[in-house]
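Student: Please work out how this folds:
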Amino acid sequence: MGRALSWLVLWFLHVLGNTNSVVGFNPLQESNEKGFQTAASTEPSSLERQIALRSLEEIVTRASKMSAATSDTQFAETLGSLRLLLDLEPKGRHRYVLPRASSASKLNSDRLKKVLDSESTGLKLAIEALRKSVEKEIETADSEQNWELGYRLRWRLAGLNAILPNASDAKRVRNEPWSHAKALDTTPDGRKAFANHPKTRWPANSYTVMTTPHFEIASQSDTKSTVEVASLSEQAFAVWKQVFYSAWANKQTVAPEYAEPVDHKFSVVLFRDRESYTKALRSIADIAISTGYYDPSEKVAFFYWDGAKTPSTLVHELTHQFFYEASANPVALDANRGKGFWVVEGVALYMESLSTRGCGGSLVVDLGGWDAPRLQAGRYRRLHDKYWVPWEEFHWADGTRFRAEEDIRAWYSQATGLAHLWLDGSVEKRVAFAAYVESVYANQASTALLGDWDDDKAMRDAYDRYLISGSSVMASRPFFANRREAVLCRTKLSAKELLEWPVEFRTTPWLDLSFSQIDDLLFTEMEKLPPPWNVQRLNLESTKVTDASLPAIAGMKNLADLDLSNCDVSDEGIKALSGHKSLKTIWLNECKVTDASMAVLSTIPQLESVHLSKTAVTPAGWRQLLSTKPRLKSKSTAP
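Tutor: As a prediction, this is how the structure comes out:
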């Protein structure tokens, strides 16, 4: 890099395996002047909108009946996207509609019309009615000078216009004085660099410079990856401005014109791969365990292309960049000594939950929610392990203390969960949290702003209620490709409700149902309700699952980790696992297994770890298993 980077950089390294999320707003003292009203986050459901949604729902219902008679996956996916439009203010999460680039918009809107066929005309009328209702809501928000709501509604209007665009729709968007949505309708402009890169010292002509309305991306990665990063960067900024409106809006940017919060392009560097990233930045401490970082002193975000893992890292680091470079108020945070450090990482980790799926010429975006990828580790740590850092210790920790924690991932998981507690909660809680976050960025952290939850017991109890009481929300889980994992430990969700989830969720890396009321119905109904479950890590500890479920569980070809502790499982059930090709770890603590099951376990070729506490397995049976698989000794729990 040529010189040592700022010490502050280290605290914005995106470390492999982190787990958290949080948000940033400005204090509410200026709410009347700025138009930041307490009710701004509660969007009105006008009569016009209700009528439009009813019409759209009728179309989806009719199309669903058609879908039941076909195995067309594209048709089912289209219906799934349209269903998301029926609830644009879902409980416990944020939902947005963004326009795609015009080229992709036309292609995908044509595809939508083709898929729906006979329903396409009705759909267009329903979308048009919904669009008109939003226009009226914008007029109301403007008349009340509720600029924050007006801003979000303008984005929604642009997104609705793009679902099934026609010439008049496109003209309406382009000619509006408000032009924020144009950034998503711009094809990135790429060219070979004509000078050495000032930060990486890449020689001229060895990298590409790709520009968008808000970003300049220097890249040695391939063109396709660079374009994807450019598009996602603009999407992330569009969402950030809506979620954290009060972080950037001021006297110069509010009102219907909504001036952009920055007058420069955000600088991004994209390396070809991990090796080139770590080599170029080897002078940075801990760079080897990171996947990206933002340097606030240089105002540059650094990444490398890593396929499907890249989007979350990108959004994480860009969020740091947005808060530092686009905030209305100066950032005074001392990342080493500033109290409330968990909020800084929390903001970025919350934004990592950004999830998209296509809907014609637009994208439906979900942010936050109980099923956010980063939140699952937080749910497991608290609901299963009962992990909790006392609030007094946690919220006063500065960056130095936070990073010195031996189990730092556990601290990150708690930060994630607490961020969701506020941001996925009521308007009042979001407002209180907004003020708290502002105080942290001003280096004047004040938990008094959090009101009734400013003590350990109140915080812990509220957190537990949030994690467990989400069952009613969990029952209607929308599908997003990056939200496949689910930790449902101690929740009240039933097997019947899980079987009603979109079938795409049955293929998942991690499904934790421990200490819940789940029973054999979840697995024995697979013949009637295909496809079968295909889980890599399955936790059924202390559930009502019995031997009857084992044949279906044994059929999970990618299953690597299975926890049946304290289930009514016996030698008879374990027989179904004989010769399982991928199983590596099995937990049978407090199960009704004997030495007979040891013979079955010896046939599992990849087995590395077995846990048998409080079982009827004898020392002789255990020794016999170890004689066939000696590697089990170091990683297992003997009977």
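Student: do you know how far Leu88 is from Ala63?
Tutor: Distance of Leu88 to Ala63, computed by CB to CB, to the nearest Å: 19 Å. Quick note: C-beta positions are derived from backbone N, CA and C, even for glycine.
Student: What of Trp370?
Tutor: Using CB to CB, one obtains 28 Å as the distance from Trp370 to Ala63.
Student: now do Arg191
Tutor: Here the distance between Arg191 and Ala63 works out to 45 Å (CB to CB).
Student: what's the answer for Phe402, then?
Tutor: Computed with CB to CB, the distance linking Phe402 and Ala63 is 50 Å.
Student: what ranges of the stretch 101-250 of the chain fall below the confidence cut-off?
Tutor: Confidence mapping of the stretch 101-250 of the chain against pLDDT under 70 gives the ranges 102-106, 115, 117-118, 166-178.
Student: can you map out the strands along it?
Tutor: Per DSSP state E, counting those that start in this stretch, the stretch 101-250 of the chain has strands spanning 189-192, 208-211, 215-219. These are given in chain order.
Student: Give the buried residues for stretch 444-454.
Tutor: Residues of stretch 444-454 classed as buried by neighbour count (16 or more other CB atoms under 10 Å): Ala445, Thr447, Leu449, Leu450, Trp453, Asp454.
Student: Which two among these are spaced furthest apart?
Tutor: The widest separation within those, taken as CB to CB, falls between Ala445 and Trp453 and amounts to 14.8 Å.
Student: circling back: between Arg191 and Ala63, which is the more surrounded one?
Tutor: Comparing Arg191 with Ala63 by neighbour count (other CB atoms under 10 Å), the higher total belongs to Ala63, at 22 against 9.
Student: Give me the pLDDT value at that one.
Tutor: Looking at Ala63, its pLDDT is 70.
Student: contacting residues around it?
Tutor: Remark: with contacts taken as CB atoms under 8 Å, 6 or more residues apart in numbering, Ala63 is in contact with Phe75, Leu79, Leu82, Leu116, Glu119.
Student: hmm, 6 Å instead?
Tutor: When the contact criterion is CB atoms under 6 Å, 6 or more residues apart in numbering, the partners of Ala63 are Leu79, Glu119.
Student: And it, how close does it get to Leu79?
Tutor: Using CB to CB, one gets 6 Å for the distance from Ala63 to Leu79.
Student: can you list the domain ranges for the protein.
Tutor: 7-17+183-335+356-366, 38-91+103-181, 484-634 (automatic domain parsing).
Student: which residues of the stretch 451-600 of the chain fall in strands?
Tutor: If you assign secondary structure with DSSP E, counting those that start in this stretch, the strands in the stretch 451-600 of the chain sit at 486-487, 507-512, 534-539, 561-563, 585-587.
Student: For Leu107, find the nearest of these.
Tutor: strand 507-512 (27.6 Å).
Student: how about the closest one: buried residues?
Tutor: Residues of strand 507-512 classed as buried: Thr508, Trp510, Leu511, Asp512 (neighbour count, 16+ other CB under 10 Å).
Student: now stretch 478-494
Tutor: When neighbours are counted by 16+ other CB under 10 Å, the buried residues of stretch 478-494 are found to be 478-480, 482-491, 493-494.
Student: Could you list the low-pLDDT ranges of the chain?
Tutor: Across the chain, the stretches falling below the confidence threshold (pLDDT under 70) are 1-46, 64-74, 102-106, 115, 117-118, 166-178, 255-256, 470-473.
Student: Geometric centre of it: which residue is closest?
Tutor: The central residue of the chain, meaning the one whose C-alpha is nearest the mean C-alpha position (CA atoms, centre = their mean), is Ser353 at 1.8 Å.
Student: From Asp568, how far off is that residue?
Tutor: 37 Å.
Student: Alpha carbons only: can I get the longest helix along the chain in PDB?
Tutor: Residue-count comparison of every helix in the chain, with assignments taken from DSSP state H, identifies helix 120-143 as the longest. Coordinates of each C-alpha in helix 120-143 appear next as PDB, following Å, rounded to 0.1, in the frame of the first residue of the first chain:
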ATOM      1  CA  SER A 120     -51.100 -10.400 -17.700                       C
ATOM      2  CA  THR A 121     -53.800  -7.800 -18.700                       C
ATOM      3  CA  GLY A 122     -55.400  -8.000 -15.300                       C
ATOM      4  CA  LEU A 123     -52.000  -7.800 -13.600                       C
ATOM      5  CA  LYS A 124     -51.200  -4.600 -15.400                       C
ATOM      6  CA  LEU A 125     -54.400  -3.000 -14.400                       C
ATOM      7  CA  ALA A 126     -53.800  -4.000 -10.800                       C
ATOM      8  CA  ILE A 127     -50.300  -2.700 -10.800                       C
ATOM      9  CA  GLU A 128     -51.500   0.600 -12.400                       C
ATOM     10  CA  ALA A 129     -54.100   1.000  -9.600                       C
ATOM     11  CA  LEU A 130     -51.500   0.300  -7.000                       C
ATOM     12  CA  ARG A 131     -49.200   2.800  -8.600                       C
ATOM     13  CA  LYS A 132     -51.900   5.500  -8.600                       C
ATOM     14  CA  SER A 133     -52.600   4.900  -4.900                       C
ATOM     15  CA  VAL A 134     -48.900   5.400  -4.200                       C
ATOM     16  CA  GLU A 135     -49.000   8.700  -6.100                       C
ATOM     17  CA  LYS A 136     -51.900   9.900  -3.900                       C
ATOM     18  CA  GLU A 137     -49.900   8.900  -0.800                       C
ATOM     19  CA  ILE A 138     -47.000  10.900  -2.000                       C
ATOM     20  CA  GLU A 139     -49.200  13.900  -2.400                       C
ATOM     21  CA  THR A 140     -50.500  13.500   1.200                       C
ATOM     22  CA  ALA A 141     -46.900  13.000   2.600                       C
ATOM     23  CA  ASP A 142     -45.700  16.200   0.800                       C
ATOM     24  CA  SER A 143     -48.700  18.200   2.000                       C
END
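Student: I appreciate the help and will end here.
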